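Q: just coords:
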């Protein structure tokens, strides 16, 4: 019996129409839609492993999945065939064969998220459901300084949705900040992992500082207090993008044939 | 009896959900949706004049309409109120009071259109219905040279949809070209007026030259032949943007009170 190939597929998707990535009963998700396309190309329904869960309405500039298959279809042809079968809001960017024990989620070293805000009194008719329309002034320089307080290894219990079942709330944030390009304000954060709703609560907290609801410099005390109620409201899903997934790319090659 | 105010409103819209600008029976259009919002703000249904017709699915970065009203609501307040009432895919950018006899269509001096192409084998999941996905290579330098043949005053009968009822097919094109920014290819054209489907047929013709279906340098002969069948196919509506509408802005002020 020949070993199955383990394929790492990089996809992009607009999350508007989906109830997140993960397969759910009674809701259309990215995973299920992707599996449907894969099944029609491979002629067989395969299990897929995603790098992350994403919430309903959240987008991904880069998302990784791996699938084991005994299909011999070359990677390039698989990308082309999947892009024909997939709906317009999901696209496969790349496919590569990786080592047998690679797992898109467990091998992930970290991620970068972006949160996109249209900071204007007038909504952008080309970006609804793709950015968060926030009309009140944002002092981006000041907010950027606040973001630096997230950097480091902390217990982020205060920045985790109350209904999360994860027990270990310690995460390491390696970079975080806010930049402006005209009316577009972008919050960015990189880290080794993120709790449920963590990025959206971080954004909500920074926006409450911008609005004067919370005091500048409050973030370290909120982190230390570990109380979800002390942090800001959860920002809407549709501004959030999983932007990049980090792997130790050099260690991923399939060496089984050597 | 006091004279009504004549208001010039600048709007932007994503045309995906609409059967063009112009009011139609049994189809949702931008004009009708805009009139509904205006009616709920002014308390009265007013007639509006648009600067142009746009086809079903065509977008506008800038579109102008004028409306006569006896409402005294200040321009700023009208913009805010309309943006609350309008759906997410239509936004009012500006409002100004103009001279009594201003007409958004008859006073228009010219327009610029853009045609947006995603020139990549992989579709952009964030831009479906906002760009034309065209996967075959485009030699943009060569196409840009072809576009220059449109410039000038010509009878554009060959670039007019067969079912057009307009009799005078002479138009002056002042600028036309094609540029690339990574995978995004943009065709641009400016002129004093455009025939039905004219820009989309121009784009379709240039793309047929890019694909080798037509020979470089063929455009002057196609113009001269005045035969629609000699030009290229009509490119899809969803790549087209009315980008700017030109007026003699200094002559628009309302001087009736002086």
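A: Okay, I see it. Quick caveat, the model's predicted, so the values are computed rather than measured. Residues are numbered from 1 along each chain as shown, chains lettered A, B, ... in the order given.
Q: state the phi and psi torsions of the residue nearest to residue A:216 when sequence neighbours are not counted.
A: Spatially, and ignoring its direct neighbours in sequence, residue A:216 is nearest to residue A:209 (5.7 Å; CB to CB, 6 or more residues apart in numbering or on different chains). From N, CA and C alone the C-beta is placed, and that goes for glycine too. The main-chain torsion angles of residue A:209 are listed as degrees, to the nearest 10 and equal phi -70, psi -40.
Q: can you check residue A:93 too?
A: The phi and psi torsions at residue A:93 (degrees, to the nearest 10) take the values phi -90, psi -40.
Q: tell me what the residue nearest to it when sequence neighbours are not counted is bridged to.
A: In space, not counting the residues next to it along the chain, residue A:93 is nearest to residue A:10; the distance is 4.6 Å by CB to CB, 6+ apart. Taking DSSP bridges, one obtains residue A:64, residue A:94 as the residues bridged to residue A:10.
Q: how many residues are close by residue A:10?
A: Other residues lying near residue A:10 total 19 when counted by other CB atoms under 10 Å in any protein chain shown.
Q: show me the contacts for it.
A: Contacts for residue A:10 (CB atoms under 8 Å, 6 or more residues apart in numbering or on different chains) come out as A:62-64, A:92-95.
Q: wait, which of the residues you listed is closest to chain B?
A: Taking CB to the nearest CB as the measure, chain B sits nearest to residue A:93 out of these, at 6.2 Å.
Q: and of the contacts of residue A:10, the nearest to residue B:170?
A: For the contacts of residue A:10, the residue nearest residue B:170 by CB to CB is residue A:93; the value is 47.2 Å.
Q: who's in contact with the most centrally placed residue in chain A?
A: Among the residues of chain A, residue A:242 comes closest to the average C-alpha position under CA atoms, centre = their mean, at 2.7 Å. Contacts for residue A:242 (CB under 8 Å, 6+ apart) come out as A:52, A:54, A:58-63, A:111-113.
Q: gap between the closest residue in space to residue A:126 that isn't next to it in sequence and residue B:235?
A: Residue nearest to residue A:126 in three dimensions, not counting chain neighbours: residue B:14, with 5.2 Å by CB to CB, 6+ apart. With distances taken as CB to CB, to the nearest Å, residue B:14 is found 18 Å from residue B:235.
Q: picking that back up, check which helix or strand covers the residue nearest to the centre of chain A.
A: Taking DSSP states H and E as the criterion, the element that holds residue A:242 is strand A:240-246.
Q: direction included, what does that strand pair against?
A: Under the criterion DSSP bridges, strand A:240-246 sits next to strand A:59-69 (parallel), strand A:110-118 (antiparallel) in its sheet.
Q: quick one, what contacts whatever residue of the stretch 151-258 of chain A ends up closest to chain B?
A: Evaluated by CB to the nearest CB, the stretch 151-258 of chain A has residue A:241 as its residue closest to chain B, separated by 9.4 Å. Residues touching residue A:241, when contacts are defined by CB under 8 Å, 6+ apart, comprise A:58-61, A:113-116.
Q: redo that, cut-off 10 Å
A: Residues counted as contacts of residue A:241 (CB atoms under 10 Å, 6 or more residues apart in numbering or on different chains) are A:12, A:14-15, A:54, A:58-62, A:112-116, A:130-131, A:186, A:188, A:199, B:126.
Q: now do residue A:251
A: A:98-99, A:102, A:107.
Q: would JSON lines of those residues with pLDDT be doable?
A: Conversion of these to JSON lines gives the following (pLDDT from 0 to 100):
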{"residue": "A:98", "pLDDT": "96"}
{"residue": "A:99", "pLDDT": "94"}
{"residue": "A:102", "pLDDT": "95"}
{"residue": "A:107", "pLDDT": "96"}
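Q: weed out the non-buried ones from the residues you listed.
A: A:98, A:102, A:107 (16 or more other CB atoms under 10 Å in any protein chain shown).
Q: assign the spatially closest residue to residue A:203 that is not a sequence neighbour to helix, strand or coil.
A: Across the structure, with CB to CB, 6+ apart as the measure, the residue nearest residue A:203 apart from its sequence neighbours is residue A:235 (4.1 Å). Assigned by DSSP: H, G, I helix; E, B strand; the rest coil, the conformation of residue A:235 is coil.
Q: ditto for residue A:33
A: With three-state DSSP as the criterion, residue A:33 reads helix.
Q: what separation do you get for it and residue A:87?
A: Counting by CB to CB, the gap between residue A:33 and residue A:87 amounts to 7 Å.
Q: please apply the same query to residue A:157.
A: As judged by CB to CB, residue A:157 and residue A:87 stand 38 Å apart.
Q: cool, and residue A:180?
A: With distances taken as CB to CB, residue A:180 is found 33 Å from residue A:87.
Q: let me see the contact set for residue A:182.
A: With CB under 10 Å, 6+ apart as the criterion, the residues that contact residue A:182 are A:118-120.
Q: per-residue confidence at it?
A: The score at residue A:182 is 95. That number is its pLDDT.
Q: phi first, then psi, for it.
A: When quoted as degrees, to the nearest 10, the phi and psi of residue A:182 stand at phi 60, psi -120.
Q: again with the one 3 residues further on
A: In this entry, residue A:185 is assigned phi and psi values of phi -110, psi 130 (degrees, to the nearest 10).
Q: doesn't residue A:135 make contact with it?
A: No: taking CB atoms under 10 Å as the contact criterion, residue A:185 and residue A:135 are not neighbours in contact, 11.7 Å apart.
Q: who has more neighbours out of those two?
A: Using other CB under 10 Å as the criterion, residue A:185 and residue A:135 rank with residue A:185 on top: 24 against 13.
Q: just the helices in chain A please.
A: Counting by DSSP state H, chain A has these helices, from start to end: A:30-42, A:75-85, A:140-147, A:198-210, A:219-225.
Q: circling back: quick one: contacts for the residue nearest to residue A:216?
A: Remark: with contacts taken as CB under 10 Å, 6+ apart, residue A:209 is in contact with A:138-139, A:142-143, A:145-147, A:215-219, A:232.
Q: which parts of chain A sit against chain B?
A: Residues of chain A lying near chain B by CB under 10 Å from any CB of the partner chain: A:11-16, A:59-61, A:76, A:79-80, A:83, A:86-94, A:120-130, A:133, A:135, A:241.
Q: any idea of the mean pLDDT for stretch A:216-227?
A: When the per-residue pLDDT values of stretch A:216-227 are averaged, the result is 97.
Q: start and end of that stretch, how far apart?
A: 18 Å (CA to CA, to the nearest Å).
Q: same thing with stretch A:40-55?
A: Using CA to CA, the gap from the first to the last residue of stretch A:40-55 comes to 26 Å.
Q: residues of it that come out buried?
A: Neighbour counts using 16+ other CB under 10 Å place A:41-42, A:48-52, A:54-55 of stretch A:40-55 among the buried residues.
Q: check stretch A:214-221 too.
A: For stretch A:214-221, a neighbour-count test (16+ other CB under 10 Å) marks A:214, A:218-219 as buried.
Q: then stretch A:31-38?
A: Buried residues in stretch A:31-38, counting neighbours by 16+ other CB under 10 Å, are found at A:31-35, A:37-38.
Q: and residue A:229, how many neighbours?
A: Look at residue A:229: counted by other CB under 10 Å, it has 8 neighbours.
Q: correct me if wrong: it contacts residue A:158.
A: Yes: Residue A:229 is within contact range of residue A:158, at 8.4 Å (criterion: CB under 10 Å).
Q: mutual contacts of these two, please.
A: Here residue A:229 and residue A:158 have residue A:222 as joint contacts, going by CB under 10 Å, 6+ apart.
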